[in-house]
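A.B. asks: got a predicted model here, sequence first, then my questions.
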Amino acid sequence: MKIRLYDIQSNYQGFECLIKVAEITKECIFDNIEIDMKNVGWLDANMCAAFGAILYKVGREPNIVTLSNLQKGVETILSKNGFLSYYGREKKQDTYETTIEYKRFEPKDDRYFTAYIEENMVGKGIPKMSEGLHKRFIESIFEIFSNAVIHSRTKMGIFSCGQFFPNKKRLVFSIADLGIGILQNVKEHTKQEMTAEQAINWAVEGKNTTKVGRIPGGLGLKLLREFITMNQGRIQIVSDKGYWELSDGKVSTRSFLNPFPGTTVNIEINTADTNLYCLSSEIRSEDIF
Amino acid sequence: MSEPITVRVFEIVGNGFCVASDDGQKVHDQIAIALRESRKVELSFLNVDSLTSAFLNAAIGQLYGEFSEEQIKAGLSVKDMSNDDLALLKRVVDTAKQYFKDPERFKKAREEVLEDGDDSQNS
């Protein structure tokens, strides 16, 4: 089977294109699947997380997945971030160190994930950010990873990738999983019928949590939303058939015809931001409990 | 209550990234053992670089499912935390109090703790 791919940007259309790959291949087994990249002139590197998740799922059925006819520019970026290493090509040196490597983690790999973030976010070409911004960004990434570990019930791993755009002063990072998705989680918890976009909306509202049992939850996505709003950055959440985006402080939602087989969270931050990022004014440790 | 026990988060986690729920669970277990014995706990965040709500929910938030607010206030204190991290902890604590206000959740959490206790006695 041959599937022709087109430009993939970090937006609704980009995800729609990837979802088509998932949809076309969902019944495939013991097949040779060629992803023809002839028409791909641009692929936002962070989208490798969602792309890689879908291809991994296809490969696990099992099928043989190959990528063909890559244009030079796309091939270079996907070689630098290590994506093509998963498809039989050599990794290229990232001279300007603007890529954050594409990786797949098991849910229990939180130690590896920590080391990966440390390695990729400290001392490379990632821009100098204010201390507060750097800390909040890294903590946001860990919040998303933890959410995937706790909520997705994925057995096929968690995929991540990022890219720094020096001219735009924007840093983008993505985490994708192949778990049950936000809709199923929220429906199981609320016992209410809703659309995937409504379920994502529910999950990003404060105080809502699908957690049961002894460990409380429900803050991670809310903290992320507050941070990105203040930073004037962007969040995109794709789960099942739902697309949710926060940009310029405004939320917009759309739906897809077919589901993404899990959840992807993209965050984009403005690295030139000089906000102080204090969650509140002076607080005394005696007043915590 | 006798002399407080200092629990060093860095020592338990093994590095300054206190981000995973599983690591938070290890910290929780240390605190809970002490509180059950009515010992005071001083939790030190010295050398901690990154904290998440997932870690703090597991380490501290879940204590509200086993102990009363009064017990925690009397038995647990924190030190070596930046103002930002204190603010995050405060939100985690407030969310946990809200979470366990639901009597069903509180009951379920207590039952799980008791079941764990039975399991460890039987093993």
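C.D. replies: Received the coordinates, thanks. Numbers count the residues shown, from 1 in each chain, chains lettered A, B, ... in the order given.

A.B. asks: check the burial of A:Lys2 by counting its neighbours.
C.D. replies: Counted with other Cβ atoms under 10 Å in any protein chain shown, the neighbours of A:Lys2 add up to 10. Heads up, the C-betas are built off the backbone N, CA and C, glycines and all.

A.B. asks: who touches the nearest residue to it once chain neighbours are set aside in this structure?
C.D. replies: Nearest residue to A:Lys2, sequence neighbours excluded (Cβ to Cβ, 6 or more residues apart in numbering or on different chains): A:Glu34, at 4.6 Å. A:Glu34 sits next to A:1-3, A:66-68 when contact means Cβ atoms under 8 Å, 6 or more residues apart in numbering or on different chains.

A.B. asks: out of the residues you listed, which sit inside strands?
C.D. replies: A:2-3, A:66-68 (DSSP state E).

A.B. asks: looking at the residues you listed, which is nearest B:Gly24?
C.D. replies: A:Leu67 (39.6 Å; Cβ to Cβ).

A.B. asks: circling back: what about the residue nearest to A:Lys2, which SS state?
C.D. replies: strand (DSSP: H, G, I helix; E, B strand; the rest coil).

A.B. asks: per-residue pLDDT, it?
C.D. replies: At A:Glu34, the predicted lDDT confidence score is 97.

A.B. asks: show me where the chain has its helices.
C.D. replies: Defaulting to chain A. Secondary structure of chain A (DSSP state H): helices at A:12-25, A:48-59, A:72-80, A:110-121, A:131-151, A:181-190, A:196-204, A:220-231.

A.B. asks: please refer instead to chain B.
C.D. replies: Under DSSP H, chain B gives helices at B:9-13, B:21-36, B:53-59, B:69-75, B:83-99, B:103-122.

A.B. asks: would you reformat these as CSV and include mean neighbour count?
C.D. replies: Output for these, formatted as CSV (neighbours: other Cβ atoms under 10 Å in any protein chain shown):
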stretch, mean neighbour count
helix B:9-13, 19
helix B:21-36, 19
helix B:53-59, 29
helix B:69-75, 16
helix B:83-99, 20
helix B:103-122, 12
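
A.B. asks: now those helices as JSON lines including distance to A:Gln93 and mean pLDDT?
C.D. replies: Listed next are the helices of chain B as JSON lines, based on distance: least, Cβ to Cβ, whole Å; pLDDT from 0 to 100:
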{"stretch": "helix B:9-13", "distance to A:Gln93": "34", "mean pLDDT": "96"}
{"stretch": "helix B:21-36", "distance to A:Gln93": "34", "mean pLDDT": "96"}
{"stretch": "helix B:53-59", "distance to A:Gln93": "35", "mean pLDDT": "95"}
{"stretch": "helix B:69-75", "distance to A:Gln93": "52", "mean pLDDT": "96"}
{"stretch": "helix B:83-99", "distance to A:Gln93": "37", "mean pLDDT": "92"}
{"stretch": "helix B:103-122", "distance to A:Gln93": "51", "mean pLDDT": "66"}
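
A.B. asks: need the ones you listed in CSV (columns: distance to chain A).
C.D. replies: CSV is the format used below for these (distance: least, Cβ to the nearest Cβ, whole Å):
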stretch, distance to chain A
helix B:9-13, 10
helix B:21-36, 6
helix B:53-59, 4
helix B:69-75, 5
helix B:83-99, 4
helix B:103-122, 4
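
A.B. asks: between the contacts of A:Glu34, which sits nearest chain B?
C.D. replies: Set against chain B, the nearest of the contacts of A:Glu34 by Cβ to the nearest Cβ is A:Leu67 (33.1 Å).

A.B. asks: show me what contacts the closest one?
C.D. replies: Contacts of A:Leu67 (Cβ under 8 Å, 6+ apart): A:34-35, A:37, A:84, A:87.

A.B. asks: next: A:Pro62.
C.D. replies: Neighbours of A:Pro62 in contact, by Cβ under 8 Å, 6+ apart: A:29-30.

A.B. asks: would you mind measuring from it to A:Ile54?
C.D. replies: 15 Å (Cβ to Cβ, to the nearest Å).

A.B. asks: what do you get for A:Thr263?
C.D. replies: In terms of Cβ to Cβ, A:Thr263 sits 12 Å off from A:Ile54.

A.B. asks: the more surrounded of the two?
C.D. replies: A:Thr263 (31 against 25).

A.B. asks: the more buried one contacts A:Ser174, doesn't it?
C.D. replies: No. A:Thr263 lies out of contact with A:Ser174 (Cβ atoms under 8 Å); the separation is 11.0 Å.

A.B. asks: rewinding a little: mind putting the helices of chain A in a markdown table, mean pLDDT and distance to chain B included?
C.D. replies: Shown next, in a markdown table, are the helices of chain A (pLDDT from 0 to 100; distance: least, Cβ to the nearest Cβ, whole Å):
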| stretch | mean pLDDT | distance to chain B |
| --- | --- | --- |
| helix A:12-25 | 97 | 26 |
| helix A:48-59 | 97 | 19 |
| helix A:72-80 | 95 | 26 |
| helix A:110-121 | 88 | 4 |
| helix A:131-151 | 89 | 4 |
| helix A:181-190 | 90 | 12 |
| helix A:196-204 | 92 | 14 |
| helix A:220-231 | 89 | 5 |
